[in-house]
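1. when you get a sec, could you give me coordinates for this:
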Amino acid sequence: MLRLFCHVYQTRSVSVAAERCAISQSAASYLLAQTREQTGDPLFVRNREGMVPTSFASVFYAKVKPALETLDLAMTNIGTFDPASTNRSVRIAMSDIGEMQFIPVLLRNMYHEAPGIVIETHALKTDDLDDALRTNQIDFAIGYLPTLVDRIPNTHLFDEKYVCLYSPRNDYLTGGMSLDAYLKCPHIEVVSPTSYHNSGDRLISEQLPERKLGLRVAHYSSVPSAVSSTNMIVTVPSRIALAFQATHDVVYADLPFETKLIEVRLFWSDVFVAEPGLAWMKQKITEAIRAV
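-> Alright, predicted model coming up:
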């Protein structure tokens, strides 16, 4: 009954939830009615977008889902997976800057225990990640993905902040980073359907619509060279700024205005609880990235 409730919450559909639970739709409707009776709340309201959860259902889901995951993990026989002999692939959706940040640490963390494992990265549109995880096209997704938090199993990895990356010879910033100087500089905007920081940059653009655009690119690979040789600046996550500073003639500073921290999370396919290898990989990915 609780597992059905979670599937309805995630999919916004009784029929899809019934299919996941391998029961008929009428049985699912009966179990959902029983859950409503026991909780004393309607839980979901049907509209054009599907089964929309009530505020009570959202709070209830946040408590029930972790409990079910703990139970599933306890019932999984992790001892049947041998990292040293596996040659399977682990498929992870991440952005290009995610690859820069996470692939080296994942290789160091996994390969000494699982030398035959193959890490595959997938560049998927943010809108496609939900279906890709639910249909087992990928095993995990890593990034700032606020639209998935309430629909896909996930865990918090770390909080990140945006900073401003610029050349130490930038003519507009000789007096330091101020809001006036920030707005005078031409900005680089990275816009890609497979970048998971689009929403963060969009929030800053809405907050400061007067920003002057100097360059729009689809990938971060050209950004540090463009910044180091011009007066252009770019707003990026602090860990990426630190990595660019180590390899290019650029520096970074805190933004001259308040922004919210972004939550980088690990998302996984529902099937991980039934497969010991994925449970092991989830643990290793979480440990590796949290330790960075």
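
2. which of the three states applies to residue 256?
-> Following DSSP: H, G, I helix; E, B strand; the rest coil, the label given to residue 256 is coil.

3. okay, now residue 59: neighbour count?
-> Counted with other C-beta atoms under 10 Å, the burial measure for residue 59 works out to 12 neighbours. The way it works is simple: take the backbone N, C-alpha and C, and place the C-beta from them, glycine included.

4. isn't there a helix covering it?
-> Yes. The secondary structure assignment for residue 59 places it in a helix, going by three-state DSSP.

5. give the contact list for it.
-> Contacts for residue 59 were tallied using C-beta atoms under 8 Å, 6 or more residues apart in numbering; there are none.

6. also the one 3 residues further on?
-> With C-beta under 8 Å, 6+ apart as the criterion, no residue contacts residue 62.

7. how far away is it from residue 53?
-> Separation of residue 62 from residue 53 (C-beta to C-beta, to the nearest Å) stands at 11 Å.

8. next one: residue 285
-> Using C-beta to C-beta, one obtains 29 Å as the distance from residue 285 to residue 53.

9. tell me which of the two has more neighbours.
-> Shown here are residue 285 and residue 53; by other C-beta under 10 Å, residue 285 has more neighbours (25 against 21).

10. my read: residue 106 touches residue 118, true?
-> No. Judged on C-beta atoms under 8 Å, residue 106 makes no contact with residue 118 at a distance of 11.7 Å.

11. who has more neighbours out of these two?
-> Neighbours were counted for residue 106 and for residue 118 using other C-beta under 10 Å; residue 106 has more, 22 against 11.

12. distance of the more buried one relative to residue 1?
-> When distances are taken as C-beta to C-beta, residue 106 and residue 1 turn out to be 38 Å apart.

13. tell me which stretches of this protein form helices.
-> In order along the chain, the chain carries the following helices (DSSP state H): 2-11, 14-20, 25-39, 55-75, 96-111, 126-134, 179-184, 198-207, 223-228, 238-247, 276-290.

14. contacting residues for residue 152?
-> Counting by C-beta under 8 Å, 6+ apart, residue 152 makes contact with 10, 129-130, 133-134, 141, 267-268.

15. typo on my end, it should be residue 101
-> Counted by C-beta under 8 Å, 6+ apart, residue 101 has contacts 239-240, 243, 292.

16. coming back round to it: any chance of a PyMOL selection covering the buried ones in the contacts of residue 152?
-> The command below creates a PyMOL selection of those among the contacts of residue 152 that count as buried (16 or more other C-beta atoms under 10 Å):
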select buried, resi 10+129+130+133+134+141+267+268
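
17. and the contacts of residue 152, which two are furthest apart?
-> Of all pairs drawn from the contacts of residue 152, the one with the largest separation by C-beta to C-beta is 10 and 141; the distance is 14.7 Å.

18. pLDDT below threshold where in the protein?
-> Where the chain drops to pLDDT under 70, the residues are 72-80, 193-203, 271-274.
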